[in-house]
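1. next input, structure requested:
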Amino acid sequence: MATGRYTTNPKRIIPLESKQVLLSVHRDNNGKINCFSFEGLDPDTQSLYGFGTLDKKAKLILEIDNRIDIQRVELGTLENPKTINKQQFNMDGSFANLSFRFFIIDGYEVKASKEKVVPSGIFEGDRRTLIRVEPEDLGEIAWRVYPYDGTTEPVLKINNNKECNFVNLLVEPIGKLLIFQNALEQILWIYVEADEESEWVNHWNDLFHLKGIDIPARQRQKHEYSNWIEETMIILSNELKLLTQFSNSNQGE
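-> Residues are numbered from 1 along each chain as shown. Prediction:
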């Protein structure tokens, strides 16, 4: 029998991580993404296997895609990265569903890449789009996620009692930590059982693709999604850093 060695990376392209590409996005006063910054590569990138052999003249390239247009940005070389501070996007269409790709190119050959860079700040201010919040008279219930059957996009309902002021609590670090995180986990449970063709599910799929989170296979038993939900909560919580925000607020930072 013939035998051989196979690889899924025959060109030996060095895989980068999002955290190694120091890319960030910024928002206007309405919370909409309107520009981006680049501060080079994280120093720990040098420890990647094979990275030290790259030509220092290799070019750094960023591609920004919004499904309508693509903006290509040259960011200098490995030896001399070009830093950018709050550069405006130069592309047609909306900036609501941006994807970012980063390449290190020597000549015409890709030497290192990250296909789905997640910029810092991509979720900043996105809680109103990630989870829609609506005040409502809930009686003795402080808050709830509704509807729970996934027929339409789940909404975080907040009791509109003026004396309790739960709506404003949600913008405080303690409110975000105690309410938003738990609501997010509830919505993930609704997501895995909802119609995968529905518009709101596709919106969440876009988020997961952006974060590099695998979309779970459907038609499983409910308990079989537990590991995926736990892992996804860890990834999103590490990005949102709600506990860190609360801790910093207690220290007066």
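2. doesn't Phe89 make contact with Ile68?
-> No: in this structure Ile68 lies outside contact range of Phe89 using Cβ atoms under 8 Å: 11.7 Å. Every C-beta, even on glycine, is put in place using the N, C-alpha and C of the backbone.
3. which of these two has more residues huddled nearby?
-> Phe89 (18 against 10; other Cβ atoms under 10 Å).
4. so what's the more buried one up against?
-> 34-36, 64, 71, 95 (Cβ atoms under 8 Å, 6 or more residues apart in numbering).
5. same thing with His209?
-> Here His209 is in contact with 99, 116, 215 (Cβ under 8 Å, 6+ apart).
6. Asp206: which of those residues is nearest?
-> Checking the contacts of His209 against Asp206 with Cβ to Cβ, the nearest one is Ser99 at 8.7 Å.
7. quick check, pLDDT for the closest one.
-> Note for Ser99: predicted pLDDT of 86.
8. then Thr129?
-> 52.
9. now swap in Lys11 and tell me
-> Per-residue pLDDT puts Lys11 at 65.
10. what number of residues lie near Phe36?
-> Count around Phe36 with other Cβ under 10 Å applied: 24.
11. CA atoms only: put the strand or helix carrying it into PDB for me.
-> Assessed by DSSP states H and E, Phe36 sits inside strand 33-41. Written as PDB, here are the backbone C-alpha positions of strand 33-41 (Å, rounded to 0.1, in the frame of the first residue of the first chain):
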ATOM      1  CA  ILE A  33     -17.800  52.000  13.700                       C
ATOM      2  CA  ASN A  34     -16.200  54.800  11.700                       C
ATOM      3  CA  CYS A  35     -12.400  54.300  11.700                       C
ATOM      4  CA  PHE A  36      -9.500  52.000  12.600                       C
ATOM      5  CA  SER A  37      -6.000  52.100  14.000                       C
ATOM      6  CA  PHE A  38      -2.900  49.800  13.600                       C
ATOM      7  CA  GLU A  39       0.000  49.700  16.000                       C
ATOM      8  CA  GLY A  40       2.100  47.000  14.500                       C
ATOM      9  CA  LEU A  41       2.600  43.400  15.600                       C
END
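12. packing partners for it?
-> strand 21-27, strand 59-65, strand 84-88 (3 or more Cβ pairs under 8 Å, 6 or more residues apart in numbering; DSSP states H and E).
13. what do you get if the cut-off is 6 Å, keeping everything else the same?
-> Where contact means 3 or more Cβ pairs under 6 Å, 6 or more residues apart in numbering; DSSP states H and E, strand 33-41 is packed against strand 21-27, strand 84-88.
14. in its sheet, what does that strand sit against?
-> Strand 33-41 pairs in its sheet with strand 21-27 (antiparallel), strand 84-88 (antiparallel), by DSSP bridges.
15. residues touching the first one, excluding its own?
-> Where contact means Cβ atoms under 6 Å, 6 or more residues apart in numbering, the residues beyond strand 21-27 that reach it are 33, 35-40, 86, 102, 114, 117, 119-122, 125.
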